[in-house]
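J.: what's the 3D shape of this:
(one chain, ligands or ions: 1)
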Amino acid sequence: MGPVLLAFALAVLAWALVVGDLVRRHRPTWHWYLIGYPVTACRVALTWRKVAMLNDLAVSRRPPRGLLGDLVVKGDPVRPIAPRTSFPRATRLGLTVSVRLHAGQTPATYMKASDALVHAWRVHAVRVTSPERGLVLLSAMATDPLQRPGLATAPAELLSALIGALESGGAWVMNLRLVPHWLIAGATRSGKSTLLARLITQLAPQRVALVGIDCKGGMELGLFAGRLSALATCRREAVAVLSALVVDMQERMNACRTAGVRSIWELPDKLRPVPVVVLVDEIAELYLSDGTRESKAEAEQCSTLLLRIAQLGAALGLHLVVAGQRVGSDLGSGVTALRAQLGGRICHRVNDPGTAEMTLGDLNKDAVAVAQAITPEERGVAVCTGPDGGWSRARSHLTPTDEAVATARKYSAMTPELLTIVRALAALEGESK
Ligand SMILES: Nc1ncnc2c1ncn2[C@@H]1O[C@H](COP(=O)(O)OP(=O)(O)OP(=O)(O)O)[C@@H](O)[C@H]1O
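T.: Numbering: from 1, shown residues only. Next up, the predicted model:
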């Protein structure tokens with residue numbers, strides 16, 4: 001009987017392994033709840049004390065010095081106590097543990113230890129947040145949720161665009177009413193153009209004017225020309241378009257002043273001008289100068305005009321979405337000043353640490369580190385800021401170019417005419433003839 005039983009046990013084990021592997025591949029959530037979560041929860045419980053001690057999360061109630069006879073001796077604190085944790089709670093493909101902070105500790109200490117937790121718990125990532133004073137929440141993710149993000153949904157609102165999915169599984173939404181201006185950074189092939197295409201397809205069906213500034217000869221934004229109220233393809237045209245927008249902005253200001261309101265959103269529907277979203281592809285093209293006086297003057301003009309629109313445009317329905325491969329202070333002080341006005345930030349994979357720092361550094365140092373860890377294979381993955389001041393990893397929904405172009409064409413009849421800009425561009429054309 002012995003060998004028969006052994007063979008039977010081995011067969012059951014082999015069957016369980018095969019079924020387990022099938023479930024893991026085809027039903028990862030079931031696999032997580034049945035096997036992954038219990039195993040990881042045990043790992044959290046068994047390793048917590050050791051990880052806490054090795055990463056300075058544990059503290060000793062006794063002072064690190066004491067008296068030995070007449071001698072004062074110093075040494076490592078004895079019997080350090082690890083912070084109290086809650087029972088690990090399962091989430092979809094992850095778990096959360098809340099930790100009560102020792103007096104004097106801050107969430108930053110836990111952020112530093114997150115890498116050690118990743119290895120000890122054998123999970124994809126651990127994020128640290130602080131939902132209330134004295135408490136940190138450690139959220140562990142078993143796998144990268146952005147590898148195959150689900151299609152998130154969000155309510156359709158004016159000036160709001162569903163861009164993709166957040167690491168938490170929620171919808172990644174760019175709402176220009178909540179955050180009026182945005183900076184998007186990313187190296188070549190990181191997913192910037194795909195994101196801009198996604199934004200255009202989402203805004204195209206709305207009563208919104210889209211203005212493009214693409215000084216790479218209009219190669220990217222030119223594809224959507226049918227739905228653009230104006231397109232500048234060189235810096236000279238950009239200056240004309242931005243100057244016309246500033247004139248338009250002054251008219252909007254006058255309209256608000258006459259009606260005694262603070263923003264165009266308080267104007268009656270009949271009087272409210274159409275909101276304008278200015279999309280700038282490759283910001284560096286506007287700021288770089290070849291050293292000639294004319295080029296320097298143009299760069300300075302662009303810088304001043306963009307800054308004016310960013311400073312005053314939000315209440316007047318003028319919004320900036322500025323994208324670039326490299327955003328650094330070497331482009332001039334104007335870029336740093338502009339960045340301060342662009343509250344929304346999106347950072348894809350970047351080539352230089354300076355760009356990640358410039359995009360996210362003034363908001364959150366941990367977000368910079370996470371953006372720098374995005375690999376070339378993770379196209380469309382970015383670190384984005386939210387309206388509440390927080391940040392998250394996210395991935396845009398892949399919108400193929402032909403689909404975006406078709407959508408722009410479909411809604412081309414909805415393109416509002418911005419007369420000031422059309423006249424400015426016509427005047428420029430007249431000058432060059
Ligand atoms: N969200 C995404 N999911 C999957 N693939 C993506 C995603 N976004 C972009 N890609 C892929 O990455 C490639 C590069 O994307 P994209 O052209 O948008 O990059 P880019 O940053 O604009 O590059 P460049 O500056 O050279 O134009 C494309 O082939 C696209 O299919």
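J.: Stretch 95-106 spans what distance, first to last residue?
T.: 22 Å (CA to CA, to the nearest Å).
J.: Would you confirm that Trp238 contacts Cys302?
T.: You called it Trp, but residue 238 is Ala. Yes. Ala238 is in contact with Cys302 according to CB atoms under 8 Å; the separation is 5.9 Å. Every residue, glycine included, has its C-beta placed from N, CA and C.
J.: what residues does the stretch 201-350 of the chain put near the ligand?
T.: Taking CB under 6 Å from any ligand atom as the contact definition, the stretch 201-350 of the chain meets the ligand at Gln325.
J.: related to what we said a few turns ago, spit out the residues that contact Ala238 and Cys302 alike.
T.: With contacts defined as CB atoms under 8 Å, 6 or more residues apart in numbering, the residues shared by Ala238 and Cys302 are Leu286.
J.: give me the low-pLDDT residue ranges for this structure?
T.: Per-residue confidence for the chain (pLDDT under 70) gives these ranges: 1, 61-70, 73-78, 148-155, 433.
J.: Would you check that Arg89 makes contact with Leu95?
T.: Yes. With contacts counted by CB under 8 Å, Arg89 reaches Leu95, the gap being 6.2 Å.
J.: ranges for the helices of the stretch 301-433 of the chain?
T.: Ranges of helices in the stretch 301-433 of the chain, per DSSP state H, counting those that start in this stretch, are 333-341, 353-356, 365-372, 401-410, 419-432.
J.: so can I have JSON lines of these showing mean neighbour count?
T.: Listed next are those as JSON lines, based on neighbours: other CB atoms under 10 Å:
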{"stretch": "helix 333-341", "mean neighbour count": "17"}
{"stretch": "helix 353-356", "mean neighbour count": "19"}
{"stretch": "helix 365-372", "mean neighbour count": "19"}
{"stretch": "helix 401-410", "mean neighbour count": "16"}
{"stretch": "helix 419-432", "mean neighbour count": "14"}
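J.: Let me have those in CSV, extended by distance to Ile35.
T.: Converted to CSV, those look like this (distance: least, CB to CB, whole Å):
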stretch, distance to Ile35
helix 333-341, 46
helix 353-356, 37
helix 365-372, 28
helix 401-410, 39
helix 419-432, 60
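J.: Which one of these lies nearest to Trp15?
T.: helix 365-372 (40.8 Å; CB to CB).
J.: show me where the stretch 251-400 of the chain has strands.
T.: Taking DSSP state E, counting those that start in this stretch as the test, the strands found in the stretch 251-400 of the chain are 276-281, 318-324, 344-347, 381-385, 391-396.
J.: Surely Pro83 is in contact with Met53?
T.: No. Pro83 is beyond contact range of Met53, at 11.0 Å (criterion: CB under 8 Å).
J.: Same drill for these two, tell me which one is more crowded.
T.: Pro83 (17 against 14; other CB atoms under 10 Å).
J.: Give me the three-state assignment for that one.
T.: coil (DSSP: H, G, I helix; E, B strand; the rest coil).
J.: residues contacting it?
T.: Here Pro83 is in contact with Ala52, Leu57, Ala58, Val99, Arg100, Leu101, His102, Gln105 (criterion: CB under 8 Å, 6+ apart).
J.: contacting residues around Arg395?
T.: Neighbouring residues of Arg395 by CB under 8 Å, 6+ apart: Leu146, Pro149, Gly164, Ala165, Trp172, Glu378, Gly380, Val381, Ala382.
J.: Excluding covalently adjacent residues, which one is nearest to it?
T.: Take Arg395 and drop its neighbours on the chain: the residue closest to it by CB to CB, 6 or more residues apart in numbering is Leu146, 4.3 Å away.
J.: Can you find the residue of this structure that comes nearest to the ligand?
T.: Gly380 (2.0 Å; CB to the nearest ligand atom).
J.: so where do the helices sit in the stretch 151-300 of the chain?
T.: 192-203, 235-259, 284-287, 293-312.
J.: Out of the ones you listed, which is the most enclosed?
T.: Ranked by mean neighbour count under mean count of other CB atoms under 10 Å, these are led by helix 192-203, which reaches a mean of 24.
J.: Show me what that one packs onto, helices and strands only.
T.: strand 160-166, strand 182-185, strand 276-281, strand 318-324, strand 391-396, helix 401-410 (3 or more CB pairs under 8 Å, 6 or more residues apart in numbering; DSSP states H and E).
J.: And the ligand, is the second one touching that?
T.: No. For strand 182-185 and the ligand, the contact criterion (CB under 6 Å from any ligand atom) is not met; the two come no nearer than 9.3 Å.
J.: buried residues in that strand?
T.: Across strand 182-185, burial judged by 16 or more other CB atoms under 10 Å covers Trp182, Leu183, Ile184, Ala185.
J.: What pairs with that strand, parallel or antiparallel?
T.: strand 318-324 (parallel), strand 344-347 (parallel) (DSSP bridges).
J.: What of the first one?
T.: In its sheet, strand 160-166 lies beside strand 171-175 (antiparallel), strand 391-396 (antiparallel), with partners assigned from DSSP bridges.
J.: quick one: the first one to helix 192-203, angle?
T.: Right, the one you point to is strand 171-175. Orientation check (axes from the mean of the first three to the mean of the last three CA atoms, to 10 degrees): strand 171-175 against helix 192-203 gives 70 degrees.
J.: With neighbour count added, can I get the contacts of Arg395 in a markdown table?
T.: Putting the contacts of Arg395 into a markdown table (neighbours: other CB under 10 Å) gives the following:
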| residue | neighbour count |
| --- | --- |
| Leu146 | 21 |
| Pro149 | 21 |
| Gly164 | 26 |
| Ala165 | 22 |
| Trp172 | 27 |
| Glu378 | 18 |
| Gly380 | 24 |
| Val381 | 24 |
| Ala382 | 30 |
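J.: Next, the distance between the ends of stretch 157-175.
T.: Termini of stretch 157-175 sit 8 Å apart (CA to CA).
J.: Sorry, wrong one. I was asking about stretch 285-297.
T.: Stretch 285-297: ends 14 Å apart by CA to CA.
J.: again, but for stretch 273-287
T.: Span of stretch 273-287 from end to end, CA to CA: 30 Å.
J.: Show me which residues of that stretch are buried.
T.: Applying 16+ other CB under 10 Å to stretch 273-287 flags 273, 275-283, 285-287 as buried.
J.: so how far is it from its chain's centroid?
T.: 19 Å (CA atoms, centre = their mean, to the nearest Å).
J.: and the spatially most central residue of the chain, what are its bridge partners?
T.: For the chain, the residue nearest the mean C-alpha position is Cys384 (1.0 Å; CA atoms, centre = their mean). Legend: beta-bridge partners of Cys384 under DSSP bridges are Ile346, Ser392.
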